[in-house]
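Peer 1: Model the structure of this input:
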Amino acid sequence: MKAIFYALFSLAALVLVLPAAAQEASEARNETLILYVAPDTVDCVGVTPQTCLQIRFSPEAEWQRHFENIRSFEHIPGFNYTLLVEKIQRNPVAADRSSFFYQLVSILQTTPVAEDEGFYNLYTPGGEYFVAHIAAETQTCRDGFTPEIDCLQLTIGGQESVLINPARITNFAYVRGSEYLLVVEREDLNTDRVADVPPFIYRLVQIASETLIEA
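Peer 2: Okay, here's the model as predicted:
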């Protein structure tokens, strides 16, 4: 009788231990690493013809094609990215899939490839994108019928700096004393023209960089 009891007890313990051990083994196979992503994509063929990211694991290594998206990461052409990612093992693995995928942890650095007109005007099927520089200092200005406000100094490409109401860059919260590079999309306003009021706004797509100039 005791032998049967001990056998049943051992079996129950094994049932409890195996899932925990499997989970620990799975977590042990996952790893966090730094990944570099190129500013341009390339045509490639996986299961079907597609467009691939170019990645590498050190600044000196050769670029290699990556046939899947990096989860939670939005790639915008024209920027070099340094990412902190988690390499996660798949369980189970489909026949036409890699045994792992990358999950974005954080964007460590985003750098425009060049500061010339060719890289500042980025055209995609979704619209026309620009890289906008926002100076750390604001200047007083008027926006239509509003009283004087603190306006941002905005520069796109080689154009002259203009003053813009912060509210005209949607989804963007300016922090005083910080300098920004923003990827923005211009949206024309379907309203009657008012003197001294721009007939468009900018929609923030991504903050490419933020540098604190004044403590």
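Peer 1: Now stretch 140-151: buried residues?
Peer 2: 141, 143, 151 (16 or more other CB atoms under 10 Å). C-beta: built from backbone N, CA, C; applies to glycine.
Peer 1: actually stretch 51-66, not the one I wrote
Peer 2: Across stretch 51-66, burial judged by 16+ other CB under 10 Å covers 52-55, 65-66.
Peer 1: hmm, who's touching the host helix or strand of Thr110?
Peer 2: Applying DSSP states H and E as the criterion places Thr110 in strand 100-112. Strand 100-112 is contacted by residues 32, 34-35, 66, 68, 70-73, 78-90, 119-120, 131, 181, 206-209 when judged by CB atoms under 8 Å, 6 or more residues apart in numbering.
Peer 1: Would you list the buried entries among those residues?
Peer 2: 35, 66, 70, 73, 78-79, 81, 83, 85, 88-89, 119-120, 131, 181, 206-208.
Peer 1: From the residues you listed, which land in strands?
Peer 2: Judged by DSSP state E, the subset of the buried ones among the contacts of strand 100-112 located in strands is 35, 66, 79, 81, 83, 85, 88-89, 131, 181, 206-208.
Peer 1: which of these lies closest to Phe200?
Peer 2: Comparing these against Phe200 with CB to CB picks out Val131 as the nearest, at 16.7 Å.
Peer 1: Wait, that closest one touches Gly78, no?
Peer 2: Yes: when contacts are counted by CB atoms under 8 Å, Val131 is listed as touching Gly78 (7.3 Å).
Peer 1: any idea where the strands of the protein begin and end?
Peer 2: For the chain, strands defined by DSSP E occupy the ranges 31-37, 42-45, 49-56, 64-66, 79-89, 100-112, 121-124, 127-141, 149-156, 162-164, 169-170, 178-188, 200-212.
Peer 1: Any chance of those strands in TSV with mean pLDDT as columns?
Peer 2: Output for the strands of the chain, formatted as TSV (pLDDT from 0 to 100):
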stretch	mean pLDDT
strand 31-37	93
strand 42-45	86
strand 49-56	91
strand 64-66	92
strand 79-89	91
strand 100-112	86
strand 121-124	40
strand 127-141	83
strand 149-156	90
strand 162-164	88
strand 169-170	91
strand 178-188	84
strand 200-212	83
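Peer 1: Contacts for stretch 147-160 next, please.
Peer 2: Taking CB under 8 Å, 6+ apart as the rule, stretch 147-160 contacts 116-117, 120-121, 130-135, 137-143, 161-166, 169, 174.
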